[in-house]
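Asker: structure here, sequence nowhere to be found:
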C-alpha cells in the first residue's frame with residue numbers, strides 16, 4: 001500500500017465504508033484500462049478498492065497524484081500468493097463483494113470493465129501488512145454455495161497443507177470477512 005492512500009493519518013491506515021471493489025488477476029499496465037471505472041466511482045462519490053496481480057509504477061503514480069489532489073478516493077492492493085492459491089483468494093473476494101472476477105482465464109479484460117462488474121464492501125481497512133474486507137450482506141447465498149463446495153474439497157483431500165488452506169477459506173467466508181495478509185517475499189512459505 002502506498003502511504004499516499006492513507007485516509008486515517010493518526011492510525012496510518014486506509015478506511016473505506018461502502019467501497020466499490022475491482023478484483024483482477026491481471027497487471028494494470030495502463031491507466032486508460034480503468035478510467036471508466038475511476039470516472040464512475042468519482043461520479044457516485046464512492047471509494048474504490050482495486051485488488052490486482054500488479055500495477056505499473058506509472059499507473060500507481062497517476063492514482064496517487066489524483067488522490068492527493070482530492071479527485072479520486074482510491075486504494076490499490078496487490079494480492080499476495082502464487083498460482084491457484086492466489087486465484088482462489090481473488091475468487092473468494094469477488095464472491096464476497098459481488099464483483100466479477102476479472103481474469104484473463106475467463107476472457108474478462110480490464111479494458112472492457114464496467115461499473116456493473118465492481119463489487120461492494122461494507123467496510124475496508126488497509127494497514128501496512130493486511131487488508132480486511134467486510135462483505136455486503138447481499139451475497140450470502142453465493143457465499144454459502146462456495147462454502148459447500150470448499151467443504152466438499154476439504155473432505156476429499158489428504159494433503160495437510162491444502163486442508164489447512166481450505167479450512168482458512170471456509171472460516172473467512174463464513175465470517176463474511178476476507179483478510180489479505182501481506183508478507184515478506186523472503187518468507188514465501190508462509191504466504
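Answerer: Okay, I see it. All values derive from a computational prediction rather than experimental measurement. Numbering: from 1, shown residues only.

Asker: okay, now the sheet partners of the biggest strand by length in the chain, with direction.
Answerer: In the chain, with assignment by DSSP state E, the single longest strand is strand 14-24. Sheet pairing of strand 14-24 (DSSP bridges) gives strand 48-52 (parallel), strand 101-102 (parallel), strand 119-126 (antiparallel).

Asker: quick one: which of those strands is nearest residue 82?
Answerer: Residue 82 sits nearest to strand 48-52 of all the strands paired with strand 14-24, at 15.1 Å, using C-beta to C-beta. C-beta here means a position set from N, CA and C on the backbone, and glycine is covered the same way.

Asker: what's the helix or strand just after the closest one packed up against?
Answerer: Later in the chain than strand 48-52, the nearest helix or strand by DSSP states H and E is strand 54-55. Packing contacts for strand 54-55, counted by 3 or more C-beta pairs under 8 Å, 6 or more residues apart in numbering; DSSP states H and E, involve strand 27-28, strand 74-78.

Asker: quick one on the thing from earlier: could the strands paired with strand 14-24 go into TSV alongside distance to residue 23?
Answerer: Shown next, in TSV, are the strands paired with strand 14-24 (distance: least, C-beta to C-beta, whole Å):
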stretch	distance to residue 23
strand 48-52	5
strand 101-102	6
strand 119-126	7
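
Asker: okay, those strands in CSV with mean pLDDT, distance to residue 26 and mean neighbour count next?
Answerer: As requested, these are exported to CSV (pLDDT from 0 to 100; distance: least, C-beta to C-beta, whole Å; neighbours: other C-beta atoms under 10 Å):
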stretch, mean pLDDT, distance to residue 26, mean neighbour count
strand 48-52, 94, 7, 25
strand 101-102, 89, 7, 20
strand 119-126, 90, 16, 21
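
Asker: among those strands, which is nearest residue 8?
Answerer: That would be strand 119-126 among the strands paired with strand 14-24, by C-beta to C-beta, at 9.1 Å.
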